[in-house]
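[1] sharing a model that was predicted from the sequence below.
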Amino acid sequence: MSITEQELRSLGVPEGEPLQQAVALVRAWEAAGKDPEQMRSDIKAVLADPEPFRGDPELGRLARALSATPTIPLPNSAGAPWRQWGQKLDAEAVQQMERACRLPIALAGALMPDAHVGYGLPIGGVLATDNAVIPFGVGVDIACRMKLSVLDIPVHDLERRKDRLIRAIEAETRFGVGATFQHRRDHPVMDEDWSVSPVTRQYKDRAWAQLGTSGSGNHFVEFGILTLHEPLRGLPPGQYVALLSHSGSRGTGAAVCDYYSRLAQSRHPKLPRELKHLAWLDLDTAEGQEYWAAMELMGKYAAANHACIHKHIAQNLGVPVLLELENHHNFAWKERHRIGGREREVIVHRKGATPAGPGVLGIIPGSMASPAFIVRGKGNPASLHSAAHGAGRVMSRTAAMKRFSWKEVQRYLKERGITLISAGLDEVPMVYKDIHEVMAAQADLVEIVAQFDPRLVKMAPHGERPED
DNA sequence: ATGTAC
């Protein structure tokens, strides 16, 4: 047969009825002496859009079989190249990465050593695509990010003025699902154009009410000791008090993700169920541009949330800020990478991955009882200039709630000198991988510049509704 | 992660 069954598969003809019809079609065409190149282009045309061919005397059967079969449109037969860092990664997360790399828009991928299962792309997944953006390749919490401020406070004040520092956290941010400020914060981000998308327009008011809040889940605000191993932006090596926060774009970012992922799914109705969260928007379309603009606004908004938290805590304490560092870890960027032997512009999705281009500084947190690290990217091309964004969970939230008790956790924290202001049992240190192992697994991606050891930690109390 | 609604 001039076109083999295997080639039909690699062209993207799905198993089952469509493949049988395609094989029969090729046999009939061969008998009629049709040019194989013409066969290929006809089959590709039907695969791209079967609907117009449903009544075609030759191609109709294949077109109808395709219409009836959920399929990955134009799958990348071999899959885009990708590799993983770390050994014992969750098998389901690996499978999600494998699937994402078979999307027709996928160019290259990478899986970070803290990977675990997410919607569509795994958490810890990095995916470079061709002029398309996947809302769930960025994640629900668009622009979830880290910020660290070194404060001009003597290190011994961390213990001596502990209650004062705790009060500052309690006063200057809010935790919990739906948390808002009764007396709104203000920030120049609210002067941006919020009409770039119907979602951001509709949610502007709520976004304002949530400005400076922290949310729930794994989000936190904490004081700790920063140990600088080398000079950093004019700050000499030594020990400092620092404030570290982790949070994102709150309800508004989630609404943006939800709206544009549904829109993307409606544009790819034939994506099989297990791929529906990988639905993408073409950046040449108005919808794609709209998501991109909304995503970028959420980037600024999430940065403003951290800026408010840090500014107000520093003001509350009346202390100068000596150094600030920050990075997104749920976002998409237009970057240039060498893929398939040539440098080109691609869309790099980092969903729970820290940008780690050459010399780029980032923050990788561990858990409430293990260190965060300030890192400098090594610009490894195979990771698409990325690194892990944390330790990664080893246990589901429900499993953690059953497994642990506060009594044992409090003893564990006391032994390590950690004061926990509040948190859910599903965020205790034992639910995370050993951050040191994660760092060791990515020694070729980042170098460690400094270590931050948490001392006073605030997270959302489990199940509690915010009171303000 | 969010907070509404198969």
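    That came through fine.
[2] now check the helix or strand harbouring A:Asp205, is it near DNA strand B?
    Taking DSSP states H and E as the criterion, A:Asp205 maps to helix A:198-210. Yes. Judged by C-beta under 7 Å from any atom of the strand, helix A:198-210 comes into contact with DNA strand B at A:Arg206, A:Gln210. To be clear about C-beta, it is placed using only N, CA and C from the backbone, and glycine gets the same treatment.
[3] averaged pLDDT, that helix. What do you get?
    What helix A:198-210 shows for mean pLDDT is 98.
[4] swap in stretch A:433-442?
    97.
[5] which positions in that stretch come out as buried?
    A:Lys433, A:Ile435, A:Val438, A:Met439, A:Ala441, A:Gln442 (16 or more other C-beta atoms under 10 Å).
[6] the first one reaches A:Met395, doesn't it?
    Read it as A:Lys433. No. Between A:Lys433 and A:Met395 there is no contact under C-beta atoms under 8 Å: 10.0 Å.
[7] what does the stretch 201-350 of chain A have sitting close to DNA strand B?
    A:206, A:210, A:215-219, A:247-248, A:250-251, A:253-254.
[8] filter the residues you listed to the buried ones?
    Using 16+ other C-beta under 10 Å, the buried members of those are A:Gln210, A:Gly215, A:Ser216, A:Gly217, A:Asn218, A:His219, A:Ser247, A:Gly248, A:Arg250, A:Gly251, A:Gly253, A:Ala254.
[9] please name the nearest non-neighbouring residue to the fifth one.
    Spelled out, it's A:Asn218. Among residues not flanking A:Asn218 along the chain, A:Glu427 sits closest, at 6.2 Å (C-beta to C-beta, 6 or more residues apart in numbering).
[10] any idea which helix or strand in chain A has the lowest mean pLDDT?
    Lowest by mean pLDDT, DSSP states H and E among the helices and strands of chain A is helix A:5-11, with a mean of 78.
[11] quick check: next helix or strand after the host helix or strand of A:Ala400?
    Following DSSP H and E, one finds A:Ala400 within helix A:397-403. Proceeding N to C from helix A:397-403, the next assigned helix or strand is helix A:406-415, under DSSP H and E.
[12] so for that next one, what gets flagged as buried?
    Result for helix A:406-415 [16+ other C-beta under 10 Å]: buried residues A:Val409, A:Leu413.
[13] could you pull up the mean pLDDT of that helix?
    Computed over helix A:406-415, the average pLDDT equals 95.
[14] so is the helix or strand following it next to DNA strand B?
    Remark: after helix A:406-415, the chain's next helix or strand is strand A:419-422, criterion DSSP H and E. No. Counting by C-beta under 7 Å from any atom of the strand, DNA strand B is not contacted by strand A:419-422; separation bottoms out at 14.1 Å.
[15] and strand A:419-422, what other elements does it pack with?
    Contact analysis of strand A:419-422 by 3 or more C-beta pairs under 8 Å, 6 or more residues apart in numbering; DSSP states H and E lists helix A:162-172, helix A:406-415, strand A:446-459 as its packing neighbours.
[16] partners of the last one, with directions?
    Spelled out, it's strand A:446-459. Strand A:446-459 sits in its sheet next to strand A:220-228 (antiparallel), strand A:372-377 (antiparallel), strand A:419-422 (parallel), going by DSSP bridges.
[17] the residue in the stretch 251-400 of chain A positioned nearest to DNA strand B and A:Pro14, how far apart?
    For the stretch 251-400 of chain A, the residue closest to DNA strand B is A:Gly251, as judged by C-beta to the nearest atom of the strand, at 1.9 Å. Distance of A:Gly251 to A:Pro14, given as C-beta to C-beta, to the nearest Å: 39 Å.
[18] how about the residues of the stretch 351-468 of chain A near DNA strand B?
    A:Ala460.
[19] count of neighbours near whatever residue of the stretch 351-468 of chain A ends up closest to DNA strand B?
    Nearest residue of the stretch 351-468 of chain A to DNA strand B, counting by C-beta to the nearest atom of the strand: A:Ala460, 6.9 Å away. When neighbours are counted by other C-beta atoms under 10 Å, A:Ala460 registers 23.
[20] which phi and psi values does it adopt?
    For A:Ala460, the backbone dihedrals (degrees, to the nearest 10) come out as phi -70, psi 130.
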